[in-house]
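>>> Could you look at this predicted model? Sequence included:
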Amino acid sequence: MSQRVPFRTGDQALVREINLSLIMNRLHRHAPISRAALAEMTGLNKSTVSSLVNELIARKFVRELGAVSQKGIGRPSVQLELNPHAGYIVSAEIGVGFISVICTNFTANVLWECRESIPLELGQQLIIERALALMNNAVEAGKSATGTQPLLGIAFGLPGIIDTRDGTLLFAPNLRWRNLPIRDILQEVFPGVPIFVDNESNLGVLGEYFFGAAQGYDEVLYISAGIGLGGAVLHNGQLLRGVTGFAGEFGHMTLYPDGEACNCGNRGCWETRVSPAAMYRHIRREIERGVPTILSAIAAADLNLMHIVNAAQAADQVALEALERLGHDLGIGIASLVNVFNPDLVLVGGVLSQARDFIMPVVEQEIRARALKWSTDTVTLLPAKHGIQACVMGGVAAVYQTMLSVPGNTHLPVPA
Ligand SMILES: [Zn+2]
C-alpha cells in the first residue's frame, strides 16, 4: 500500500491490523499461496508480508505447507494456508420443531454435529435448556479434537427479527417467541467467549458466501424456504442490514391481499403460499375432492415434506402438483426481488430445498418469464450447498469472518 500521509503510532497499529486482515482474506480465497504471490496480490512489499505472515503463524492462524516449484521452474517456494487447527467454533440454531448444533475447526470442517426434533409445545425455557446442553456437548467435542486451541466464538441463529446490537430476539412469528435476550443468556453460560446472534437467513447467506455455493459472487439474493420464508441480501459481499438490522423479511411481503392469515399478524404474506403448510392444505383439499394419491394413506398430522417428495418421485400427480404450485409461488416472488436487487446469484436454501429437484426448475422458469430480461441475463439460480445446515454453517462463517477481519485482536467480541 502506498502511504501518502504521515502516520501517527495509533494509525500504524490500525494499518497493521488492516494488512493482517488483507493477508487472511487473500489466504481464504487463494490458498495455497506463497509469500511472494501474496506480496504481488496485495501490493505490500515482501518484507512487510513476511512480518505479517510471521505474526499470523505465531498466532496459529496460518501454517506453512511444503515447498512447491511452480510448473517445475524456478526455486521452490513455501506455500501458506489458513490453519484449520487455529481453534474451534460452535454454532447452533433453534428452528420450528428442531435444534441443530455443530462444532467445526477454524476452516469449517465439521468435528461434531447433532440435529434433534423438538416439539414447540415443550416451551421456550426447556427448548433453550436443551440447546445449551447440546452446545456444551459441542464444546467438549471441540476441546477433545483440538487440544489446547481456543474456542474462537459461538454463533446462534433464530428464525426471527433480531436486534444484533444487543442480541435480543424481538419476534419470531413461527416460534411465537418475543423479546428474548438470547445473547445475554449465552454469555452467562459461556463467559468470555465472543457470541454472535443473528437471523437464520443472514447467517445462511454468510455460510454460503464463505464456504458454499456463493463463493466468488458478491451480489447475492438468498431465500431460506422452510416453515417460514426468510431472506437475506449480500451487497458487495456485505450483508444488507437496513437501518435497524431487520432488512430481508421478504416472506412478509403482502402478495395476496385477501389471502390466508399469517403468523406475523398480517394477511396474504408471501410465506403463506410458500411453506410446507401451504402444500399440506392443497393436498388435503385434493384428497377431500376424491383425487387419487398415495398420500391419502398418511394421516394428515403425520404428513411431512419427504412424504411429498417421495410421492412425487413415484409420479404421484397430487404430490407433483403441490410441489409445482409451491415452485410457482416461490418463483413469482423471487422474480420481483431479482428486479429490485439485480443480483448475480439467487440461492435457495432451507428445509424446502430438500425438494429442489421438483421446485428449482419451476422457480427458474418463473424468473425467466417474469423478471426483466436485463436482470435475468446475468443471474444464476442455485440451491444452497449446505441445505438444512445452512444456518449453522453460517454461524461458523460469522465467527470466521470476524477472525479474518481482526486477526490481531481476537479477544474483542465484534458484531457480525
Ligand atoms: Zn407475515
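Nice, thanks for sending it over.

>>> residues from the stretch 151-300 of the chain in reach of the ion?
When proximity is defined by Cβ under 5 Å from the ion, the stretch 151-300 of the chain lies next to the ion at 252, 262, 264, 266, 269. Bear in mind the C-beta positions are built from the backbone N, C-alpha and C, glycine included.

>>> ok, the third one - how many residues close by?
To tie it back to what came earlier, the one meant is residue 264. Using other Cβ atoms under 10 Å, residue 264 is surrounded by 18 other residues.

>>> Repeat that for the fourth one.
One way to gauge burial is a neighbour count; for residue 266, by other Cβ under 10 Å, it gives 15.

>>> Which parts of the stretch 101-250 of the chain are strands?
Under the criterion DSSP state E, counting those that start in this stretch, strands of the stretch 101-250 of the chain are mapped to 110-117, 151-158, 161-163, 168-172, 177-180, 195-199, 220-225, 229-235, 238-239.

>>> what's the closest of those to residue 279?
The stretch from the strands of the stretch 101-250 of the chain with the least distance to residue 279 (Cβ to Cβ) is strand 220-225; that distance is 11.3 Å.

>>> and the angle for the closest one with strand 229-235?
In this structure, strand 220-225 runs at an angle of 170 degrees to strand 229-235, with axes from the mean of the first three to the mean of the last three Cα atoms, to 10 degrees as the basis.

>>> mind saving the C-alpha coords of strand 220-225 as PDB?
Included here for strand 220-225 are C-alpha records, laid out as PDB according to Å, rounded to 0.1, in the frame of the first residue of the first chain:
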ATOM      1  CA  VAL A 220     -26.400 -12.500  -3.700                       C
ATOM      2  CA  LEU A 221     -30.100 -12.900  -3.000                       C
ATOM      3  CA  TYR A 222     -30.700 -15.700  -0.500                       C
ATOM      4  CA  ILE A 223     -34.100 -17.200   0.100                       C
ATOM      5  CA  SER A 224     -34.500 -19.600   3.000                       C
ATOM      6  CA  ALA A 225     -37.700 -21.600   2.500                       C
END
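
>>> Could you list the residues in contact with that strand?
200-201, 204-205, 208-209, 214, 229-234, 250, 274-275, 330, 334, 337-338, 341, 343-353, 384, 390-391 (Cβ atoms under 8 Å, 6 or more residues apart in numbering).

>>> Would you mind pulling the contact partners of stretch 114-124?
Stretch 114-124 is contacted from outside by 96-102, 127, 130, 134, 137-138, 175-177, 180, 388, using Cβ under 8 Å, 6+ apart.

>>> Mind checking which of these land in helices?
Among the contacts of stretch 114-124, the ones falling in helices (DSSP state H) are 127, 130, 134, 137-138.

>>> can I get these in JSON lines with pLDDT?
Shown next, in JSON lines, are those (pLDDT from 0 to 100):
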{"residue": "127", "pLDDT": "97"}
{"residue": "130", "pLDDT": "97"}
{"residue": "134", "pLDDT": "98"}
{"residue": "137", "pLDDT": "98"}
{"residue": "138", "pLDDT": "98"}
